[in-house]
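In: predicted model and sequence follow; I will ask about them next.
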Protein chains: 2
Amino acid sequence: MNNKNPDCSIILNRASNELNGELTPGLIHEVNNLLTGIYFNLESCHESCSADPSAAEALSDITQGVERIKEVLNRTVHIHLNVAEREKTYHDLATLVESQLDLVRIIFPKTAKITLIPPVEALHVELAEHPFRTVILTIASRLREIFPAGKVEAVFEIFSPSQLEALVPAADLNGGGNLVAVSLCVPCAMESVSEVDEYLLRSTTGDLTFANAENLTASLGGRLVLHRDTAKKSSRIMLLFPQIDLNE
Amino acid sequence: MNNKNPDCSIILNRASNELNGELTPGLIHEVNNLLTGIYFNLESCHESCSADPSAAEALSDITQGVERIKEVLNRTVHIHLNVAEREKTYHDLATLVESQLDLVRIIFPKTAKITLIPPVEALHVELAEHPFRTVILTIASRLREIFPAGKVEAVFEIFSPSQLEALVPAADLNGGGNLVAVSLCVPCAMESVSEVDEYLLRSTTGDLTFANAENLTASLGGRLVLHRDTAKKSSRIMLLFPQIDLNE
């Protein structure tokens, strides 16, 4: 019996995660079927018990709980590949980012406050939603360990081209104009994607690396850029995309 | 904007699966909290509506549905790393395999019939449950595509050392005696682990390969062996482990 492979715990972790991806749709399917049966029974209870106010209230609470479970499960379904979501479409950037924050909140600890500062005007991008979501969640999942435990306040910000020019020297943007940014400040000074991955190396076992987030961002027609703050105590992680003018 | 990376859809698939692994515990936690609230409300409904037989029956059906959801979710938790489950312990082999089949059933299509033929006598092995489960599920996940769609009948079998000797020439077992086997027959003739991975190459995007299952089996102190049937129309995938005699 040979027992020579040194990477078994890495293989085990990665295969476990991949199996989760395989199993989750089946589980959600089963749970959804069960919820449908529960709904059906709740309706007949409502008919029988509507005269009793305390029972009616409890039944209404149960119905709300069941609906919330459906909602929570549907979030996971969104992580799975969806052909439509891999097609490029126009998005209002604030709406697009906001709709990912529910899942970001699951990745961060419960005590974390995850918010979005929307832009003053509506900004539009053209990209596929599924890879964009994977990039945002990959970044969130990697960054979780950088924030000090217990007092996490992760603020996503969206910058218009003019705000971005005021924030970052044009040279740092490689001269590309008319770019919008989804930005997140982290409380440590890092300048490059590889620096983040090196810093977090001890816990890197899979594909949730900044290098992979960078490749996916490029495949979306954007760029992942790190910008160290002048005070040098923090960095901005920025996703840059060309802004689309819908009126043109 | 560079868009040069050709492997983005592979990165996307792998990162999506890994994110699923990251997200699932948070989602299960949320759903479990909701289920606790539903339980509480079901109890007060039972008190109010116990006089009405049709309401009582519907409530009892709801309670059963909620309990089943809890059970289904707990199955997924089992895929996650559990320190205790990574420690070597003694197992009755039939009980150990049977307890994995619930998850195997989720991986195979709904129409599949997954069964276990237990050994005539109790057989014991010493191994860690979590890697063993990962091996079984990895094999199941890879094999799913080999079985003809719609009429899947996957029979796991457990063989004692004497049954195994009658089935496979000693030379093929590398001479190791006192081995027990968990075996699954597949309807195609393949002789090696790499042959399976090559055959299934078109859909291999991650860590659910036979090569990885082989490494994990070795880390458990066992061996993954393929044995082509004499009729040459099928192969046995076998996990061999040394049998432990608890009476010694």
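Out: Right, received. Where do you want to start? Residues are numbered from 1 along each chain as shown, chains lettered A, B, ... in the order given.
In: CA atoms for contacts and neighbours, from now on please.
Out: OK.
In: what's the mean pLDDT across the longest helix anywhere in chain A?
Out: Of all segments of type helix in chain A, defined using DSSP state H, the longest is helix A:8-49. Helix A:8-49 shows a mean pLDDT of 82.
In: where does pLDDT dip in chain A?
Out: Within chain A, the ranges that satisfy pLDDT under 70 run A:1-6, A:77-85, A:149-150, A:175-176, A:201-205, A:230, A:232, A:247-248.
In: for it, what spans make up the helices?
Out: Taking DSSP H, the helices of chain A run over residues A:8-49, A:53-77, A:93-107, A:129-143, A:161-167, A:193-199, A:210-219.
In: which ones are touching A:Ser234?
Out: By Cα atoms under 8 Å, 6 or more residues apart in numbering or on different chains, the residues touching A:Ser234 are A:185-190, A:228.
In: residue contacts, the residue nearest the centre of chain A?
Out: By Cα atoms, centre = their mean, chain A has its centre lying nearest to A:Leu137, at 3.3 Å. Contacts for A:Leu137 (Cα under 8 Å, 6+ apart) come out as A:100, A:103-104, A:107, B:19.
In: can you pull the contacts of A:His91?
Out: Contacts of A:His91 by Cα under 8 Å, 6+ apart are A:124-127.
In: hmm, back to that, filter the contacts of A:Ser234 to the buried ones?
Out: A:185-186, A:189-190, A:228 (16 or more other Cα atoms under 10 Å in any protein chain shown).
In: which of these come close to chain B?
Out: Residues of the buried ones among the contacts of A:Ser234 in contact with chain B (Cα under 8 Å from any Cα of the partner chain): none.
In: restricted to strands, list the residues you listed.
Out: If you go by DSSP state E, the buried ones among the contacts of A:Ser234 have A:185-186, A:228 in strands.
In: is stretch A:170-180 up against chain B anywhere?
Out: No - in terms of Cα under 8 Å from any Cα, no part of stretch A:170-180 sits within range of chain B; the closest distance is 8.8 Å.
In: contact partners of that stretch?
Out: A:123, A:158-161, A:164, A:240-243.
In: buried stuff in that stretch?
Out: Of the residues in stretch A:170-180, those buried (16+ other Cα under 10 Å) are A:173, A:178-180.
In: ok, now stretch A:36-44?
Out: In terms of neighbour count (16+ other Cα under 10 Å), stretch A:36-44 has its buried residues at A:38-39, A:41-42.
In: distance from stretch A:37-54 to the middle of the chain?
Out: 38 Å (Cα atoms, centre = their mean, to the nearest Å).
In: whoops, I mixed them up, stretch A:169-177
Out: For stretch A:169-177, the distance to the chain centre is 27 Å (Cα atoms, centre = their mean).
In: ok, now stretch A:46-57?
Out: Using Cα atoms, centre = their mean, the offset of stretch A:46-57 from its chain centre is 41 Å.
In: between the two ends of that stretch, how far is it?
Out: End-to-end span of stretch A:46-57 (Cα to Cα, to the nearest Å): 10 Å.
In: quick one: it near chain B?
Out: Yes - interface with chain B: stretch A:46-57 contributes A:48-49, A:52, A:54-55 (Cα under 8 Å from any Cα).
In: can you tell me what sits against that stretch?
Out: Stretch A:46-57 is contacted from outside by A:59, B:44-45, B:48-49, B:52, B:54-55, using Cα under 8 Å, 6+ apart.
In: please name the nearest non-neighbouring residue to A:Val135.
Out: Leaving aside its sequence neighbours, A:Val135 sits nearest to A:Ala213 (Cα to Cα, 6 or more residues apart in numbering or on different chains; 5.1 Å).
In: OK, contacts around that neighbour?
Out: Counted by Cα under 8 Å, 6+ apart, A:Ala213 has contacts A:134-135, A:138-139, A:224.
In: tell me the phi and psi of the residue in chain A sticking out farthest from the centre?
Out: Ranking residues of chain A by C-alpha distance from their mean position (Cα atoms, centre = their mean) puts A:Ala51 at the top, at 45.0 Å. Backbone torsions for A:Ala51, taken as degrees, to the nearest 10, come to phi -70, psi -30.
In: and if you look at A:Leu208?
Out: phi -90, psi 60.
In: what's around it, how many residues?
Out: A:Leu208 is flanked by 26 other residues according to other Cα atoms under 10 Å in any protein chain shown.
In: what of the one 4 residues further on?
Out: A:Asn212 has 21 neighbouring residues, counting by other Cα under 10 Å.
In: of the contacts of A:Ala213, which pair is most distant in space?
Out: A:Thr134 and A:Leu224 (13.3 Å; Cα to Cα).
In: how does chain A divide into domains?
Out: A:8-77, A:85-242 (automatic domain parsing).
In: of all those domains, which one comes closest to B:Ala218?
Out: In terms of Cα to Cα, the element of these nearest to B:Ala218 is domain A:8-77, at 9.2 Å.
In: returning to that earlier point: and the contacts of A:His91, which is closest to A:Val31?
Out: Comparing those against A:Val31 with Cα to Cα places A:Leu127 closest, at 32.2 Å.
In: spit out the contact partners of the closest one.
Out: So A:Leu127 contacts A:87-91, A:220-221 (Cα under 8 Å, 6+ apart).
In: who does it bridge with?
Out: Per DSSP bridges, residues listed as beta-bridge partners of A:Leu127: A:Thr89.
In: relative to chain B, how far out is it?
Out: A:Leu127 sits 13 Å away from chain B when distances are taken as Cα to the nearest Cα, to the nearest Å.
In: what of A:Leu42?
Out: Note on A:Leu42: its distance to chain B, by Cα to the nearest Cα, is 7 Å.
In: tell me if I'm right that A:Pro131 and B:Asn13 touch.
Out: No - taking contacts as Cα atoms under 8 Å, A:Pro131 lies outside contact range of B:Asn13: 9.4 Å.
In: out of those two, which sits in the busier spot?
Out: A:Pro131 (27 against 21).
In: give me the distance between the more buried one and chain B.
Out: 7 Å.
In: in contact with that residue, which residues?
Out: Neighbouring residues of A:Pro131 by Cα under 8 Å, 6+ apart: A:86, A:216-217, A:220, B:12.
In: farthest pair in those?
Out: Greatest spatial distance in the contacts of A:Pro131: A:Arg86 and A:Thr217, 13.2 Å, computed using Cα to Cα.
In: more neighbours, these two?
Out: Using other Cα under 10 Å as the criterion, A:Arg86 and A:Thr217 rank with A:Thr217 on top: 26 against 16.
In: ok, and the closest non-adjacent residue to the more buried one?
Out: A:Arg223 (5.6 Å).
In: of the contacts of A:His91, which is the nearest to chain B?
Out: Relative to chain B, the closest of the contacts of A:His91 is A:Leu127; by Cα to the nearest Cα it sits at 13.1 Å.
In: neighbours around the nearest residue to A:Leu208 once chain neighbours are set aside, how many?
Out: Spatial nearest neighbour of A:Leu208, chain neighbours left out: A:Thr138 (5.2 Å); criterion: Cα to Cα, 6+ apart. When neighbours are defined as other Cα under 10 Å, A:Thr138 has 24 of them.
In: hmm, A:Thr138 is touching A:Ala211, no?
Out: No - A:Thr138 lies out of contact with A:Ala211 (Cα under 8 Å); the separation is 10.3 Å.
In: quick one on the thing from earlier: who wins for most neighbours among the contacts of A:Leu137?
Out: In terms of neighbours by other Cα under 10 Å, the contacts of A:Leu137 top out with B:Leu19 at 26 neighbours.
In: how near is it to chain A?
Out: Going from B:Leu19 to chain A by Cα to the nearest Cα gives 7 Å.
In: OK, contacts around that residue?
Out: By Cα under 8 Å, 6+ apart, the contact set of B:Leu19 is A:17, A:79, A:134, A:137-138, A:208.
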